[in-house]
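J.: What would the 3D arrangement of this be:
(one chain, ligands or ions: 1)
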Amino acid sequence: MNIQNYINGNFQNPIDDQWLDNFNPANGEVYGQIPNSSSKDVEQAYQSAKSAFKQWSQTSLEERSRILIKISELLEDNLQRFAEAESKDNGKPVSLAKSVDIPRAASNFRFFGNAITQFSSESHESVGQQAINYTLRQPIGVVGCISPWNLPLYLFTWKIAPALAAGNCVVAKPSEVTPVTAYLLGDICNEAGLPKGVLNIVHGLGVSTGQAIIEHPDIKAISFTGGTATGAHIAKTAAPMFKKLSLELGGKNPNIIFADCDYEDMLNTTVRSSFANQGQICLCGSRIFVERTIYEQFKVDFVAKVKQLNVGHPSEAHTNIGALVSKPHLEKVKDYINIAKEESGTVLCGGNEVVVEGYENGYYLEPTVIEVSTDECRVNQEEIFGPVVTMMPFDTEDDVLLMANKVKYGLSATLWTNNLKRTMHMSQQLQAGIVWVNTWMMRDLRTPFGGVKASGVGREGGFEALRFFTEPKNVCIKY
Ligand code: NDP
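T.: Residues are numbered from 1 along each chain as shown. Now for the predicted structure:
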């Protein structure tokens, strides 16, 4: 499938007529071409967004809401088509794209279509001074949204929907590795009646197309999800231009298991929190810490369950683990497995590439569990972002807290316990933006989403996202 940029409501080739190959991770074959856009394309997208801004920012909330909810409905109507496209582009099981990625993309539009009608600002009466202050929440103008490859449409729309709801116009770039569903979204926006130029989607490499967005002097805010190194680069580029920044970055999340948890529930959820989406979710619990009294039992039960996971072609109904997103990513994950061995980690299961019959050149890897003897080894400290987890025992609450917090990241943490006092204490002490207790990745779109330390700056979700995509202006009237 060949795709094009979506600018001013039209589909068009990149100005310089440069193209990139798009690979199908399930068989390693090139199955389409995507624009390798330059700064000229980004400028055109910016001009189109700028022209649309005056009218869109003045469009009533009801009308904006109606259009966003219409986009949501059209995504739902096209669930199967979008799920298949996402799976082909990313390598994830179709069943996952159908149950998680595309429904969530639709929810993002529906949620922010509704949220904008409930978004209000404050007023402050200055008693004794005969004055009243009120706050206007005005859209920023043209904003940039840049998203990664792991949850392509899900994370793309998580940014675009609040940006549009708040009255901004958008120049967006999906990952060049997984651009197809973002391309398909253009048609849906046209069908839903989104005015021309309000959303512009430019495809290409991070270092060129993405770079042109972040350094554009008049794109005043950047919402970015991706790796920590890229986030640092974006911050460095954007800071001298005083851009507003929302950065959702990497994670190395602890999954802390106490002996007093509901064991079966914990076991099943831990398989999911370790390997969902081939472990390529920033929220995956990639460091498992287990209380020593149940450690040996957990090790036997967990490894047995992981061995039952089926690695296979993403469109097969029985597939639990599809293909990794790209050849370079597969190589990176394999390198980490070798590093673990060099660091005297023990591979309890997995660790090898899988050859799937008929798709011999696909990027498949066994789900891998590594027992480590210290939390300070590289595989326990660095983000692998694949189907690999580490595990080790702990003795006390204090010990595990120390290890959980002793990484540069701070995105999420999972805690398994039925002890209320411990829950309260640990939740308070864990350095993370999100703590799940006796569950994982249970999401309510109203809650603040984001990380601390090297996992990011700012929060998405609910009114936090609408606040990010608006500028507060204080008006003081003396009467
Ligand atoms: P990258 O940082 O490589 O890329 C993310 C996006 O940024 C892509 O669209 C990429 O384009 C683009 N990009 C790269 N360089 C630049 C640049 N100089 N200027 C502007 N844009 C640029 O991350 P990945 O796509 O590899 O995604 C994986 C990472 O994302 C992991 O670290 C993961 O933890 C993190 N992540 C964080 C989440 C969170 O909510 N905190 C959620 C999901 C993922 P291109 O792909 O074309 O290079």
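J.: Let me know the secondary structure of the residue in the stretch 251-400 of the chain that the ligand sits nearest to.
T.: The ligand sits closest to C282 of the stretch 251-400 of the chain, with a gap of 3.2 Å, by CB to the nearest ligand atom. (Each C-beta comes from the backbone N, C-alpha and C, glycine too.) Following DSSP: H, G, I helix; E, B strand; the rest coil, C282 is assigned to coil.
J.: What helix or strand is E471 located in?
T.: strand 470-478 (DSSP states H and E).
J.: can you count the residues close to the residue of the stretch 251-400 of the chain closest to the ligand?
T.: 26 (other CB atoms under 10 Å).
J.: just checking, it touches G410?
T.: No: assessed by CB atoms under 8 Å, C282 is found out of contact with G410, at 11.7 Å.
J.: thinking again about what came up before, tell me the contacts of the residue lying closest to the residue of the stretch 251-400 of the chain closest to the ligand once chain neighbours are set aside?
T.: Of all residues not flanking C282 in the chain, G251 sits nearest, at 4.7 Å (CB to CB, 6 or more residues apart in numbering). The contact partners of G251, taken as CB atoms under 8 Å, 6 or more residues apart in numbering, are C282, L283, C284, S286, E383, Y409, G410, L411, S412, G451, S455.
J.: which parts of the strand holding E471 are buried?
T.: Burial within strand 470-478, assessed by neighbour count using 16 or more other CB atoms under 10 Å, is assigned to T470.
J.: partners of that strand in the sheet?
T.: As defined by DSSP bridges, the strand partners of strand 470-478 come to strand 131-139 (antiparallel).
J.: Next SSE downstream of the strand it pairs with?
T.: strand 142-146.
J.: Mind giving me the packing neighbours of that next one?
T.: Applying 3 or more CB pairs under 8 Å, 6 or more residues apart in numbering; DSSP states H and E, one finds that strand 142-146 makes contact with helix 39-58, helix 152-165, strand 169-173, helix 211-214, strand 221-225.
J.: Residues contacting the third one, please?
T.: Looking back up the chat, that one is strand 169-173. Looking at what lies outside strand 169-173 - CB under 8 Å, 6+ apart - the contacts are 42, 45-46, 49-50, 52-53, 56, 141-147, 156, 159-160, 163-164, 182, 197-204, 206, 209-210, 213, 216, 219.
J.: just to revisit the earlier point, shared neighbours, C282 and G410?
T.: Common neighbours of C282 and G410 (CB under 8 Å, 6+ apart) are G251, S455.
J.: The helix or strand containing P328: what's the following helix or strand?
T.: Secondary structure assignment for P328, by DSSP H and E: helix 327-342. Counting by DSSP H and E, the next helix or strand C-terminal to helix 327-342 is strand 346-349.
J.: average pLDDT across that following strand?
T.: Across strand 346-349, the average pLDDT comes to 98.
J.: May I see the buried residues of stretch 247-263?
T.: Applying 16+ other CB under 10 Å to stretch 247-263 flags 247-258, 261 as buried.
J.: Over to stretch 226-244?
T.: Within stretch 226-244, the residues scored as buried using 16+ other CB under 10 Å are G226, G227, T228, T230, G231, H233, I234, A235, A238, K243, K244.
J.: between the residues you listed, which is closest to L365?
T.: Taking CB to CB as the measure, L365 lies nearest G227 of the buried residues of stretch 226-244, at 19.6 Å.
J.: what does the model give the closest one for pLDDT?
T.: At G227, pLDDT is 98.
J.: L247 is in contact with that one, correct?
T.: No: look at G227 against L247 with CB under 8 Å: they stay out of range, at 10.4 Å.
J.: Which strand residues bridge the residue nearest to T346 when sequence neighbours are not counted?
T.: Sequence neighbours aside, E371 is the residue nearest to T346 in space, at 4.4 Å (criterion: CB to CB, 6+ apart). Listed by DSSP bridges, the beta-bridge partners for E371 are T346, M391.
J.: for E371, what are its contacts?
T.: For E371, the contacting residues are K299, G345, T346, L348, T390, M391, M392, by CB under 8 Å, 6+ apart.
J.: Kindly report the same for A163.
T.: Applying CB under 8 Å, 6+ apart, the residues contacting A163 are V143, C145, V170, S223, F469.
J.: And C284, by the same measure?
T.: Listed by CB under 8 Å, 6+ apart, the contact set of C284 reads G251, N253, S273, S274, F275, A276, N277, V389.
J.: which one among the residues you listed gets closest to L401?
T.: Compare each of the contacts of C284 with L401 using CB to CB and the shortest gap goes to N253, at 14.2 Å.
J.: what's the spacing between the residue sitting nearest the centre point of the chain and the ligand?
T.: For the chain, the residue nearest the mean C-alpha position is L155 (4.7 Å; CA atoms, centre = their mean). Distance, L155 to the ligand, using CB to the nearest ligand atom, to the nearest Å: 6 Å.
J.: Tell me the backbone dihedrals of the closest residue to that residue other than its chain neighbours, please.
T.: Spatial nearest neighbour of L155, excluding adjacent residues (CB to CB, 6+ apart): S147 at 4.5 Å. Phi and psi for S147, reported as degrees, to the nearest 10, are phi -130, psi 160.
J.: Was I right to think S147 contacts I222?
T.: No: contact criterion CB under 8 Å: S147 and I222 do not qualify, at 11.5 Å.
J.: about what we covered before: who are the contact partners of the residue of the stretch 251-400 of the chain closest to the ligand?
T.: By CB under 8 Å, 6+ apart, the residues touching C282 are N150, T225, E248, L249, G250, G251, F385, L411, S455.
J.: what pLDDT does it get?
T.: For C282, the pLDDT comes out at 97.
J.: Packing partners of the helix or strand hosting D399?
T.: In the assignment (DSSP H and E), D399 maps to helix 397-405. In terms of contacts (3+ CB pairs under 8 Å, 6+ apart), helix 397-405 is packed against strand 254-257, strand 287-291, helix 420-429.
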